[in-house]
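Enquirer: okay, predicted coordinates and the sequence, questions at the end:
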Amino acid sequence: MVDKYRTLNYNIKADVLTSFSRENKAGVQARCCMRLNLREIIAIPGNAASFERELDTEGLEFPSIVRYETAPHASGRVFNEAGVLRLEGEIRTEMLCICDRCAGEFACTKTTPLSAVIVEKNDDNADDPELFFLDGDEIDLEEILSTLFILDMDSKFLCREDCKGLCPKCGKNLNLGPCGCGKEIDPRFAVLEQLLDKD
Ligand SMILES: [Zn+2]
Ligand SMILES: [Zn+2]
């Protein structure tokens, strides 16, 4: 029993160490370590295992993302909180995006907070979208991290909160200044226009 745990403990440590030295590893090697063995944590409340991985951006394409300047970098830990397995941490990435309003390209840094509960799958919880499931004593980190990353992806990509967008008439980028199309109409002429419209 003792030997078994020692081996498992070693495996978790080796796994984490491999990811820490990922700069020196080929991408293929980084990917094959996306599974995390949690046996030590499942068995003992209070135990935790940290992880640090880079996500493959394949499958993380969005129309508004031109490219990832840095691979999404995930770091965090899985811990046993009174018998409940929780995953927490964050994913950081730098992207080149297209603004949904003005179509201009802009650089943005995105931080995705990670929070998930990992349980054993059974008939009652199998369809619960809030949960992630153990596969034996392991989890598929890639799947969990990618899912959380996608769920947190902004529905709107704006170069800035108050992006003025493009003029619907002439197409000019209104962030660069007014175009002249939307000139204030003299209220007296506006009334006249309304009268003329009625005829
Ligand atoms: Zn914009
Ligand atoms: Zn215009």
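Expert: Thanks, I have the structure now. Residues are numbered from 1 along each chain as shown. Ligands and ions are numbered 1, 2, ... in the order given.

Enquirer: could you pull up the residues touching the residue nearest in space to the middle of the chain?
Expert: Closest residue to the average C-alpha location of the chain: residue 149 at 2.4 Å, with Cα atoms, centre = their mean. For residue 149, the contact set (Cβ atoms under 8 Å, 6 or more residues apart in numbering) comprises 55, 60, 72, 91, 112. To be clear about C-beta, it is placed using only N, CA and C from the backbone, and glycine gets the same treatment.

Enquirer: identify the farthest-apart pair in those residues.
Expert: Distance extremes for those: the farthest pair is 60 and 112 at 11.1 Å, using Cβ to Cβ.

Enquirer: sorry, back to before: the residue nearest to the centre of the chain belongs to a helix, doesn't it?
Expert: Yes. The assignment for residue 149 by DSSP: H, G, I helix; E, B strand; the rest coil puts it in a helix.

Enquirer: between residue 60 and residue 112, which contacts overlap?
Expert: Here residue 60 and residue 112 share the contacting residues 72, 149, scored by Cβ under 8 Å, 6+ apart.

Enquirer: just the contacts of residue 149: which are in strands?
Expert: 91, 112 (DSSP state E).

Enquirer: phi first, then psi, for residue 40.
Expert: Taking degrees, to the nearest 10, you get phi -60, psi -30 for the backbone angles of residue 40.

Enquirer: distance-wise, check it relative to residue 75.
Expert: 19 Å (Cβ to Cβ, to the nearest Å).

Enquirer: check residue 82 too.
Expert: Distance, residue 82 to residue 75, by Cβ to Cβ: 24 Å.

Enquirer: more neighbours, the two?
Expert: Higher neighbour count among residue 82 and residue 75: residue 75, with 16 against 6, using other Cβ atoms under 10 Å.

Enquirer: tell me the pLDDT at the more buried one?
Expert: Among the per-residue scores, residue 75 shows a pLDDT of 96.

Enquirer: what's the closest non-adjacent residue to it?
Expert: residue 52 (4.5 Å; Cβ to Cβ, 6 or more residues apart in numbering).

Enquirer: what is the burial count for the one you found?
Expert: Residue 52 - counted by other Cβ under 10 Å - has 15 other residues nearby.
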